[in-house]
Every structure is written in structure tokens, then in C-alpha cells.
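Enquirer: Generate a structure from the sequence data that follows.
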Amino acid sequence: MRLVFVLMMLVSLCASAQKSDSLETSVDTTAASVFEDKPDDKAIADTMAVTVRNFNGQALQELKADQELQYGDGPTVGESLWKRFLRWIGEFIEALMESATTTHWGRFFAYTFLLISLIVIILMVLKVNAYRVFYGDAASPVPHRTLDENIHEMDFERLIQEAVANQDYRLGVRLLFLSALKLLSDKNHIHWTQGKTNHDYLNELSADDLKKGFSELSYFFEYAWYGNFLVTDGVYDRVRQTFDTWRRNL
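Expert: Coordinates of the predicted model:
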């Protein structure tokens, strides 16, 4: 029975395959008949005249030579070693500034450095001796105290000549000021006392011409003695001229 059933199944499959092949052949034949090219008896022939145009060679060359139409990049020049070095310096400084402004310690050191640099620049411009400012006047060869001497016991002409000969113009300016104090005291324009300040003596003067000249001498004295500024021979000559002019008005 099994053998008969298998034979019947084989016969059925063969019949189905033959029927499918015949159906596909029929469909292909029908499609070929539908899409077969046929001449169109109603098409109109193309009789339009065609004009052939060519480029104007001269105009094309003129356009190529026009500088306003040159949109390409110009020739590049290699960067020199000096420019590379400057660029590297700029990048290095920029990196330092960036690191200095992004951390607390960086900002602290940056501001400290800027402050010290500013102080140094100011001292250089004003020609201040920084050593004398911070360590006093111990290294100075000047044996005199500021305003504590007895001006009536001092030989100013000799002392001034010695100071100028030694090119100690700072001491020379101080001695000129003390000499002015002695002249004012001798003529009773002021009451001289050890320990008084130059401003005290200035307030005692009533004559305007004497007060103006003495004020200038006091300014130069403070400039040279208290400010520790560098006093050159030119500055000393100016103070000497001021002193001589002022003395003639006594």
C-alpha cells in the first residue's frame, strides 16, 4: 500500500510541473505580443534647423587675463625662522598667562611679579637708590646728621667746596640749604633751634620773595636728602643758582 501511495504522489507532482511550465510559456508569449515595437504612422519628422555656435577665443582670453576674476589663492611664502621664533615666544607667553589666570597660585605669583616690576620701573624712572630706601643711609660717607648740627659753628664755604671736589652733590645740596638757614637766622628772619623742621622755618618767613626762594631750596633738599634721588652736577648747579639768586634778596 505504501508503494502505491508513493507512485500516486510522484504522478501528481509531474502533472503539476507540466501544467506550470505550459502556463509560464503562455504568459511570456502574451507579454511579448503586447510590448512588441510597432511603427507609429502618426509621428512627425524633425525638420528644425540647428545653428552651431563656437566660443569667442579672444573674449575668452580677455576674461582669463582680468585680475578681478582671479579667485584663486595667491602664491604662499615660507615663514622665516625669525617669524617662527616670534610666534613661538607669543604662544609661550600666552600659555603662561593662561596658566597664571586659571589657578589661585598662578594669579598670586602673576600679580606679585607685576607689582614688583611696577615698583622697579618707578624707582628706575625716578632714579631712586633702592638700597638707601630699604637699608637706610649707613653706607653713605656723609658724616652729618639731618638738621641737628649747630649751623653757627659750620664753615659752609669750606664744606661746600670739599663736597663738590668729591663730587658728593647730594651733600652739597644739603649744605646749601643749611647755609640758607644760617643766613636767615643771622638776619633774624627766623628763630633757629636744633630739632626744628624746614617746614617750621618756612612758616616763620613773612617776606614773599624770601619765602619763595627758600621754598625752592627746601624742595631740592627734600628731593636729594629724604628722597635719596640721584643728584648730578647739573642738578647741583641749578640749586646753586637758585641759592645765589635768593641770597641777593636778603
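
Enquirer: domains of this protein?
Expert: 81-126, 151-248 (automatic domain parsing).

Enquirer: I'd like the mean pLDDT over the first one, please.
Expert: It stands for domain 81-126. Taken as a whole, domain 81-126 carries a mean pLDDT of 80.

Enquirer: How about stretch 51-59?
Expert: 84.

Enquirer: In stretch 240-250, which residues are buried?
Expert: 240, 242, 243, 246 (16 or more other C-beta atoms under 10 Å). All C-beta atoms are positioned from the backbone trio N, CA, C, and that covers glycine.

Enquirer: Please identify which helix or strand holds the second one.
Expert: Counting by DSSP states H and E, the element that carries residue 242 is helix 233-248.

Enquirer: Contacts for that helix next, please.
Expert: 164, 167, 169, 172-173, 176, 179-180, 183, 210, 213-214, 216-217, 220, 224 (C-beta atoms under 8 Å, 6 or more residues apart in numbering).

Enquirer: Farthest pair within the residues you listed?
Expert: 167 and 210 (30.5 Å; C-beta to C-beta).

Enquirer: So for the two, which residue has more residues nearby?
Expert: residue 210 (21 against 13; other C-beta atoms under 10 Å).

Enquirer: Surely the more buried one touches residue 184?
Expert: Yes. At 7.4 Å, residue 210 counts as touching residue 184 under the criterion of C-beta atoms under 8 Å.

Enquirer: Mutual contacts of the two, please.
Expert: residue 250.

Enquirer: now the chain, which segments are flagged as low pLDDT?
Expert: Scanning the chain for pLDDT under 70 picks out the ranges 1-43, 72-78, 99-101, 127-149.

Enquirer: Residue 176 is in contact with residue 160, isn't it?
Expert: Yes. Residue 176 lies in contact with residue 160 (C-beta under 8 Å); the separation is 6.8 Å.

Enquirer: Report how many residues lie close to residue 172.
Expert: Neighbour number of residue 172 under other C-beta under 10 Å is 26.

Enquirer: Ignore what I typed, I meant residue 179.
Expert: For residue 179, using other C-beta under 10 Å, the count is 19.

Enquirer: again with residue 102
Expert: 9.

Enquirer: do you know how far it is from residue 110?
Expert: 11 Å (C-beta to C-beta, to the nearest Å).

Enquirer: same check, this time on residue 89
Expert: 18 Å.

Enquirer: more neighbours, those two?
Expert: residue 110 (16 against 10).

Enquirer: helix or strand for that one, which one?
Expert: helix 104-126.

Enquirer: again, but for residue 84
Expert: Going by DSSP H and E, residue 84 is in helix 81-102.

Enquirer: those helices in this structure, which residues are they?
Expert: 2-34, 57-65, 81-102, 104-126, 130-135, 156-165, 169-186, 198-204, 208-221, 233-248 (DSSP state H).

Enquirer: TSV for those, including distance to residue 150?
Expert: Listed next are the helices of the chain as TSV, based on distance: least, C-beta to C-beta, whole Å:
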stretch	distance to residue 150
helix 2-34	141
helix 57-65	98
helix 81-102	58
helix 104-126	33
helix 130-135	26
helix 156-165	12
helix 169-186	10
helix 198-204	15
helix 208-221	18
helix 233-248	20
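
Enquirer: Mean neighbour count, those: which tops it?
Expert: Mean neighbour count (mean count of other C-beta atoms under 10 Å) peaks for helix 169-186 among the helices of the chain, with a mean of 21.
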